[in-house]
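*Asks:* okay, predicted coordinates and the sequence, questions at the end:
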Amino acid sequence: MRNKKIYREIEVFENTNLYKLAETIIDAYNFNFDHCFGFFSKISESRYFDSEKKYELFTDLIEEGENLESTGAKSVKKTKVKDVWQKFGDKMMFLFDYGDSWQFIVDLKDFSRKKAGIKYPKILLKVGRPPKQY
């Protein structure tokens, strides 16, 4: 979501995979988790496919037998949060639904410690009303 007045703070563990992170982001905005997605190191709207670091669901679908052309991205199911965000302020663009192009900036705020009795991933804060997906 490129609107700075609409954002979510989400707590995940460093060993959470990018697929679960994507699912949690989409759930936090009340969208349906029904499209392909990717994480890209270039935040620019027109340049994200040129990203040095990129992770896409397409890679996992190819590994599962889908007949798709490779994008050169790494897996979202095999890649952990700790492999992508390593220091405070690291950012990636999360692109959901390549047709409608929902874009979210994901940045590292803190490293969390697991607390007993709390279910993770956890949505910590919701600011602003999300737009309608459809």
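*Replies:* That came through, no problem. Numbering: from 1, shown residues only.

*Asks:* tell me which residues in stretch 127-134 are buried?
*Replies:* Using 16 or more other C-beta atoms under 10 Å as the test for burial, stretch 127-134 gives residue 130. Bear in mind the C-beta positions are built from the backbone N, C-alpha and C, glycine included.

*Asks:* wait, doesn't residue 27 sit right on residue 33?
*Replies:* Yes - counting by C-beta atoms under 8 Å, residue 27 does reach residue 33; the two are 7.0 Å apart.

*Asks:* may I ask which helix or strand encompasses residue 125?
*Replies:* For residue 125, the enclosing helix or strand under DSSP states H and E is strand 122-127.

*Asks:* each with direction, which strands does that strand pair with?
*Replies:* Its sheet considered, strand 122-127 pairs with strand 7-11 (antiparallel) by DSSP bridges.

*Asks:* what angle sits between the helix or strand following the strand it pairs with and strand 122-127?
*Replies:* Per DSSP H and E, strand 7-11 leads on to helix 18-28 as the next helix or strand towards the C-terminus. Angle between the axes of helix 18-28 and strand 122-127 is 40 degrees (criterion: axes from the mean of the first three to the mean of the last three C-alpha atoms, to 10 degrees).
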